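*Asks:* Predicted structure and sequence below. I'll ask about it afterward.
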Amino acid sequence: MKLSDIGEFGFIDRIAPLGLIRPAKVIRGIGDDCAVVRIDEDTCLLVTTDLLIERVHFYRSWGSANILGRKSLAVNISDIAACGGVPKDAFVSIGIPEDVEVEWLDDFYDGLAGLAREYGVNILGGDTTRSLADIVINVAITGVAGCNETLFRDTAKPGNILALTGPTGLSAAGCDLLLRGEAPPGHWVETLKAAHLNPRPHVKEGRFLAASHACTAAIDISDGLSSDLNHICTQSNVGALIFEDKLPIHDALLEAASYLGRDPLEWLLHGGEDYALLACLRPDAFPAVKASAAERGLQLIAIGVIEETPGMRLQRGDGHVEALTGGGWNHFRGRNGKFGGIEIRP
């Protein structure tokens, strides 16, 4: 059997039972945005790690080392945000090919440290080694959250309102433009490229949702809206209905769809790497929480509802309802989904 037969998440399911040796104080191990370990009665430690590999996740020609350094940390901070936590301490390891110059590395670490300062994160260590071909970046980060406020994927309830803290699809469209290698000049092009190369972790939004005590479950949009929603549905044993006409569509996305001849819905649903949060909220509390978010300058966009019957559905603009499959990124399989998608290839 090959990894492509079971995919990234099938592989994770196979190894998950092997990880827990000392269960005391471990609230969550493999299978969520962060591992969660109780520190004391009120406080939980959050731990997460992520890899970025050249020619799988990025090309050096796409942007500066500074921007890559920022993204390398941002994607990890986003996992802390998804659990409603505050990021604290990071450890950065990097595999370096012989053709990488010291000045490139200086710029990379300047970018990483710059984002760390913005979010109050220490960089406390890591490792360096030689790589035979490509740059390999691994960041591990810790965070903290109140144990009674930590957000998980498997606690969604039927009737919950599904809401986003920002638009989706911009990063995927930006990646498509970068892969194409050419695009007309315009602000919309730079907006989309920046969404892919320099994402913003939604830490304020995550803390707000956790403190509201109205959010029952959350996840960050890293693999794609449909894929990450599928994680919530599968782990919570629920279903979901998404309304196409409620999905926020950025003007830049419409420009890209026209230029590339694409259906913007495939980016919205299956794009990935947007790092907005997808939250499930109690319907009775949602109006007040949405209003409170707006007062703080935060977005909370209702796009659907959690249903009791497992499975995901999409209600199109004309009212027709059809099955929705998780079609975001899945390592070892690439992209699968009704609307196709993108894949970075060596």
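*Replies:* Great, that's in hand. Numbering: from 1, shown residues only.
*Asks:* how about the helices in this structure?
*Replies:* All helices of the chain, identified by DSSP state H, fall at 3-15, 65-82, 102-118, 170-180, 187-197, 203-212, 225-236, 251-260, 264-270, 286-295.
*Asks:* Out of the ones you listed, flag the one nearest L124.
*Replies:* Among those, helix 102-118 comes nearest to L124, with 10.4 Å by C-beta to C-beta. Placement of C-beta: from N, CA and C, glycine included.
*Asks:* picking that back up, to R28, which of the helices of the chain lies closest?
*Replies:* Nearest to R28, of the helices of the chain and by C-beta to C-beta, is helix 225-236 at 10.9 Å.
*Asks:* Please save the CA atoms from that closest one in CSV.
*Replies:* Taking only C-alpha atoms (Å, rounded to 0.1, in the frame of the first residue of the first chain), the coordinates of helix 225-236 have been written out as CSV:
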residue,chain,number,x,y,z
LEU,A,225,-12.8,25.5,3.6
SER,A,226,-14.4,22.2,2.4
SER,A,227,-11.5,20.1,3.8
ASP,A,228,-11.3,21.9,7.1
LEU,A,229,-15.1,21.9,7.5
ASN,A,230,-14.9,18.1,6.8
HIS,A,231,-12.5,17.8,9.8
ILE,A,232,-15.1,19.4,12.1
CYS,A,233,-18.0,17.4,10.7
THR,A,234,-16.1,14.0,10.8
GLN,A,235,-14.7,14.5,14.3
SER,A,236,-17.9,16.0,15.7
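*Asks:* domain ranges for the protein?
*Replies:* Split into domains by automatic domain parsing, the chain comes to 3-146, 161-335.
*Asks:* Of the ones you listed, flag the one that's most buried.
*Replies:* Looking across those with neighbours counted as mean count of other C-beta atoms under 10 Å, the highest average goes to domain 161-335: a mean of 20.
*Asks:* how about low-confidence regions in the stretch 101-250 of the chain?
*Replies:* Within the stretch 101-250 of the chain, no range satisfies pLDDT under 70.
*Asks:* List the contacts of R153.
*Replies:* Counting by C-beta atoms under 8 Å, 6 or more residues apart in numbering, R153 touches 31-33, 217-219, 231-232, 235-236.
*Asks:* again, only this time at 7 Å
*Replies:* The neighbourhood of R153, defined by C-beta atoms under 7 Å, 6 or more residues apart in numbering, consists of 32, 217, 219, 231-232, 235.
*Asks:* what's the answer for A256, then?
*Replies:* Neighbouring residues of A256 by C-beta under 7 Å, 6+ apart: 173, 177, 188, 192.
*Asks:* Taking the centroid of the chain, which residue is nearest it?
*Replies:* Nearest to the centroid of the C-alpha atoms of the chain, with distances taken as C-alpha atoms, centre = their mean, sits S222, at 2.5 Å.
*Asks:* Hmm, G271 and that residue touching each other?
*Replies:* No: assessed by C-beta atoms under 7 Å, S222 is found out of contact with G271, at 10.5 Å.
*Asks:* Ok, which of the helices of the chain comes nearest A276?
*Replies:* For A276, the closest of those is helix 203-212, at 8.0 Å, according to C-beta to C-beta.
*Asks:* now the angle between helix 65-82 and the closest one, please.
*Replies:* Per axes from the mean of the first three to the mean of the last three C-alpha atoms, to 10 degrees, the angle that helix 203-212 makes with helix 65-82 is 10 degrees.
*Asks:* And helix 203-212, what does it pack against?
*Replies:* The criterion is 3 or more C-beta pairs under 7 Å, 6 or more residues apart in numbering; DSSP states H and E, and the helices and strands that helix 203-212 contacts are helix 65-82, strand 277-281.
*Asks:* mind running it again at 10 Å?
*Replies:* helix 65-82, strand 86-96, strand 136-146, strand 215-220, strand 277-281, helix 286-295 (3 or more C-beta pairs under 10 Å, 6 or more residues apart in numbering; DSSP states H and E).
*Asks:* next one: it to chain centre, how far?
*Replies:* Shown here is helix 203-212, whose average C-alpha point lies 16 Å from the average C-alpha point of the whole chain (C-alpha atoms, centre = their mean, to the nearest Å).
*Asks:* likewise stretch 143-160?
*Replies:* 16 Å.
*Asks:* Can you point out the buried residues in that stretch?
*Replies:* When burial is assessed from 16 or more other C-beta atoms under 10 Å, stretch 143-160 yields the following buried residues: 143-145, 147, 149-156, 160.
*Asks:* End to end on that stretch, go ahead and measure it.
*Replies:* From its first residue to its last, stretch 143-160 covers 27 Å (C-alpha to C-alpha, to the nearest Å).
*Asks:* so which of the helices and strands packed on helix 203-212 gets nearest E118?
*Replies:* Smallest distance to E118 across the helices and strands packed on helix 203-212 (C-beta to C-beta): 9.0 Å, for helix 65-82.
*Asks:* Tell me which residues touch L241, please.
*Replies:* 162, 303-307, 309, 311-315, 321, 324 (C-beta atoms under 10 Å, 6 or more residues apart in numbering).
*Asks:* That one and S131, how far apart?
*Replies:* Distance, L241 to S131, using C-beta to C-beta, to the nearest Å: 45 Å.
*Asks:* could you give me the average pLDDT of stretch 71-78?
*Replies:* Taken as a whole, stretch 71-78 carries a mean pLDDT of 98.
*Asks:* Can you show me the CA trace of it as PDB?
*Replies:* This file holds the C-alpha atoms of stretch 71-78, laid out as PDB (Å, rounded to 0.1, in the frame of the first residue of the first chain):
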ATOM      1  CA  LYS A  71       5.000  32.900   6.600                       C
ATOM      2  CA  SER A  72       7.000  30.100   8.200                       C
ATOM      3  CA  LEU A  73       6.000  31.400  11.700                       C
ATOM      4  CA  ALA A  74       2.600  32.700  10.700                       C
ATOM      5  CA  VAL A  75       1.200  29.300   9.700                       C
ATOM      6  CA  ASN A  76       2.200  28.000  13.200                       C
ATOM      7  CA  ILE A  77       0.800  30.900  15.100                       C
ATOM      8  CA  SER A  78      -2.500  30.300  13.100                       C
END
